[in-house]
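Asker: Predicted model and sequence follow; I will ask about them next.
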Amino acid sequence: MAITIADVEHVALLSRLELSVGEKERYAQELSDIFGHVEELNKVDVTGVPPTAHPLPLKNVFREDVIQPSLPNAEALANAPAKEGPLFKVPQIV
Amino acid sequence: MDFEIVIGFEVHTELKTKTKVWCACANEFGGPPNSHVCPVCLGMPGSLPVLNREAFTLALKTALALQCDVPRITTFDRKNYYYPDLPKNYQISQNDKFLGTGGYLEIDLGEAGHKKIRIHNIHLEEDAGKNIHPEDKNVTYSLVDLNRAGVPLLEIVTQPDIRSKEEAAAFMTQMRNFLQYLDVSDCKMQEGSLRFELNMSLRPKGSDAFGQKVEVKNLNSMSVVLKCIDAEFDRQSDMLRNGERVMSETRLWDEVKNETRAMRSKERANDYRYFPDPDLVDVDITPEIRAAAQATIPELPLARRRRFEEQYGLPAYDASVLTASFTTANYFEKAVESHPSPKGISNWIMTEGLAWLNKQPEDTTIDDFPVKSAAIAELVKLIDTGAITGKIAKQVFPIMLETGKSPAVIVEEKGLKPVDDSALGPIIDEVLADPRNEKTIADLRGGKAAAMGALMGAVMKRSGGKANPATVTPLIRKKLGLE
């Protein structure tokens, strides 16, 4: 399956990535190759095999509803590029 | 051309758990900003979500109570979009194997009967954080509090079965009541623990085809939803009359202008690229898990209403009004427990209690009523035992409401005890001797029974409402030699 420049631009927008013209061309090619490789898998007959999202046969992993200490505010904000008081600071939304 | 409204709702309700859905931070409204956060709900790389058993049980309980088809296996998916209140850049939700599909909420429309509002699906997901926009118009940033990020959120998506504003109002209050009966959520709209998103379209009356629907977000109270229905009706019907096409889009309610506005292109992101969340394993709803959740479903509104009619002998109207709110129904039953006089107690709740409630903000319940259930019971008991008259009770009640004192104390303090029978004699004598009552007395002697009412009124007035009507009538008859 061929990934077009338009596809790359669409995905880049959804992912908030700014790409140069050269990058768009390169990613279009690389993603096409990856898709081609994945399409190989479509050749396998999976009749009767249930879809799965996990390699491990695990089910029903629960946590009991018991409060554990949260992070101290300073630690929670330690890696934030910008903050104001106890809050994260981000580019204006509205 | 006349148009018909077609509405479906997306109901979001925060589940009443101690901790968040994927991590052990407290699920608690308010608190200092970013004080209930950890690597999981902050979306830090390498952190792993683990499903809160209680959140899942509450969600399953709701799905079963709404008569949904619950599958054996349910799974979680990632819904990808960028917004600062969503630290992982995806919301863990369900899009493939929902917790429940089908099912319905049966709503009571009064004289118009009952209607089943069908459920499209019900699924468990996580709430987002809160964006704060500084009031200063000159600033170019927003602030983010992530205490709410990761709070368990149940989404109930209905079919477009609602056909009027009245049905929408009934659906919202009765869905809230249903969730309160189930005890799965606080359902406080002011705090955002219950939210309704509106999907609305119009079509020519009599048409079976659906029009183009518009989704409206940012509706933070039921009254706002109803205002929005009016505003959208006007907007969409104007467009359709002018031959314009209604665009399928998401709009935001503007509280200041009382109208909806289109979201800016940046606010739109309907390419969510759902895929199974590899961090969360499947949930196998075994017969045991299902039965355990089923067993936690309490008596629901319609069943309780029927029981109120049978067990307490209440009229259908009383039963429906009292059970229309979980807290009101509880208040009634508690009062009846301390004094078994159901109809008397029902009357006081329906007149005074609900009159008070109607004047309070939307989230107020009868539990906030200054007159507690035991006090109402005591008041009715004083009337039933003849300790006070109904008329005196009407005087006692406002004082109870204002001071919170018990009715017996108020009766004592204000000297409102009924006039005892020995003191009644002279009062009745005075009334009978009053020349203004001559004609009435003659009427009564002449066999006009209604004249008794007028004399009773005069006695009541003279006694300051403290005469016991049951004693007054025979005394008057006796004094007039009518016995």
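Answerer: Alright, I've got the coordinates.
Asker: Stretch B:322-341: how far from the chain's middle?
Answerer: Offset of stretch B:322-341 from its chain centre (C-alpha atoms, centre = their mean, to the nearest Å): 16 Å.
Asker: Repeat that for stretch B:229-240.
Answerer: Here stretch B:229-240 is found 28 Å from its chain centre; the criterion is C-alpha atoms, centre = their mean.
Asker: which regions of the chain sit below the pLDDT cut-off?
Answerer: As the question left the chain open, I've gone with chain A. Scanning chain A with the threshold set as pLDDT under 70 gives A:1, A:94.
Asker: try again with chain B
Answerer: Along chain B, the model assigns pLDDT under 70 to residues B:264-270, B:418-421, B:483.
Asker: Let me see the domain layout of it.
Answerer: Under the assignment automatic domain parsing, the domains of chain B span B:3-294, B:299-414, B:421-479.
Asker: Let's have those domains in JSON lines, adding distance to chain A.
Answerer: Just so you know, the C-beta spots here come from the backbone N, C-alpha and C atoms, and that holds for glycine as well. What follows is these, written out as JSON lines (distance: least, C-beta to the nearest C-beta, whole Å):
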{"stretch": "domain B:3-294", "distance to chain A": "3"}
{"stretch": "domain B:299-414", "distance to chain A": "22"}
{"stretch": "domain B:421-479", "distance to chain A": "56"}
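Asker: Would you format these as a markdown table with distance to residue A:62 and mean neighbour count included?
Answerer: Output for the domains of chain B, formatted as a markdown table (distance: least, C-beta to C-beta, whole Å; neighbours: other C-beta atoms under 10 Å in any protein chain shown):
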| stretch | distance to residue A:62 | mean neighbour count |
| --- | --- | --- |
| domain B:3-294 | 4 | 18 |
| domain B:299-414 | 27 | 18 |
| domain B:421-479 | 63 | 15 |
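Asker: Would you reformat the ones you listed as JSON lines and include distance to residue A:44?
Answerer: Shown next, in JSON lines, are the domains of chain B (distance: least, C-beta to C-beta, whole Å):
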{"stretch": "domain B:3-294", "distance to residue A:44": "19"}
{"stretch": "domain B:299-414", "distance to residue A:44": "49"}
{"stretch": "domain B:421-479", "distance to residue A:44": "90"}
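Asker: which one of those lies closest to residue A:3?
Answerer: Closest approach to residue A:3 among the domains of chain B is made by domain B:3-294 (14.8 Å; C-beta to C-beta).
Asker: got the end-to-end distance for the closest one?
Answerer: The first residue of domain B:3-294 is 42 Å away from its last residue (C-alpha to C-alpha, to the nearest Å).
Asker: Wait, a strand at residue B:334?
Answerer: No - Residue B:334: not assigned to a strand; according to DSSP: H, G, I helix; E, B strand; the rest coil it is helix.
Asker: Surely it and residue B:374 touch.
Answerer: Yes - counting by C-beta atoms under 8 Å, residue B:374 is a contact partner of residue B:334 at 7.5 Å.
Asker: Near chain B, which residues of chain A are found?
Answerer: Within chain A, the residues that sit near chain B (C-beta under 8 Å from any C-beta of the partner chain) are A:10, A:14, A:16, A:53-54, A:56, A:58-68, A:70-71, A:73, A:76-77, A:82, A:84-94.
Asker: out of the residues you listed, which are inside helices?
Answerer: Residues of the residues of chain A next to chain B located in helices (DSSP state H): A:10, A:14, A:73, A:76.
Asker: Most neighbours among those, which one?
Answerer: Of all these, residue A:76 has the most neighbours under the rule other C-beta atoms under 10 Å in any protein chain shown, reaching 24 neighbours.
Asker: got a list of what it touches?
Answerer: Counting by C-beta atoms under 8 Å, 6 or more residues apart in numbering or on different chains, residue A:76 touches A:70, B:34, B:37-38, B:42, B:146.
Asker: how about 7 Å then?
Answerer: B:34, B:37, B:42 (C-beta atoms under 7 Å, 6 or more residues apart in numbering or on different chains).
Asker: That one and residue B:96: what is the separation?
Answerer: 33 Å (C-beta to C-beta, to the nearest Å).
Asker: Please apply the same query to residue B:207.
Answerer: 33 Å.
Asker: what's in contact with stretch B:400-413?
Answerer: Here stretch B:400-413 has contacts from B:370-371, B:375, B:378-379, B:382, B:388, B:396, B:399, B:417, using C-beta under 7 Å, 6+ apart.
Asker: rerun at 10 Å
Answerer: B:352-353, B:356, B:369-372, B:374-383, B:387-388, B:392-393, B:395-399, B:416-418 (C-beta atoms under 10 Å, 6 or more residues apart in numbering or on different chains).
Asker: do stretch B:242-252 as well
Answerer: With C-beta under 10 Å, 6+ apart as the test, stretch B:242-252 has contacts from A:94, B:197-202, B:211-219, B:228, B:232, B:235-240, B:259-264, B:267-270.
Asker: can you tell me the distance between the two ends of it?
Answerer: Stretch B:242-252 has its terminal residues 23 Å apart, counting by C-alpha to C-alpha.
Asker: How far off centre is that stretch?
Answerer: Its chain's C-alpha centre and that of stretch B:242-252 lie 32 Å apart, by C-alpha atoms, centre = their mean.
Asker: what does stretch B:23-39 give?
Answerer: 27 Å.
Asker: next one: stretch B:57-73
Answerer: Computed by C-alpha atoms, centre = their mean, the chain-centroid distance of stretch B:57-73 equals 22 Å.
Asker: quick one, what contacts the residue nearest to residue B:108 when sequence neighbours are not counted?
Answerer: Nearest residue to residue B:108, sequence neighbours excluded (C-beta to C-beta, 6 or more residues apart in numbering or on different chains): residue B:114, at 5.8 Å. Going by C-beta under 10 Å, 6+ apart, residue B:114 touches B:106-108, B:302.
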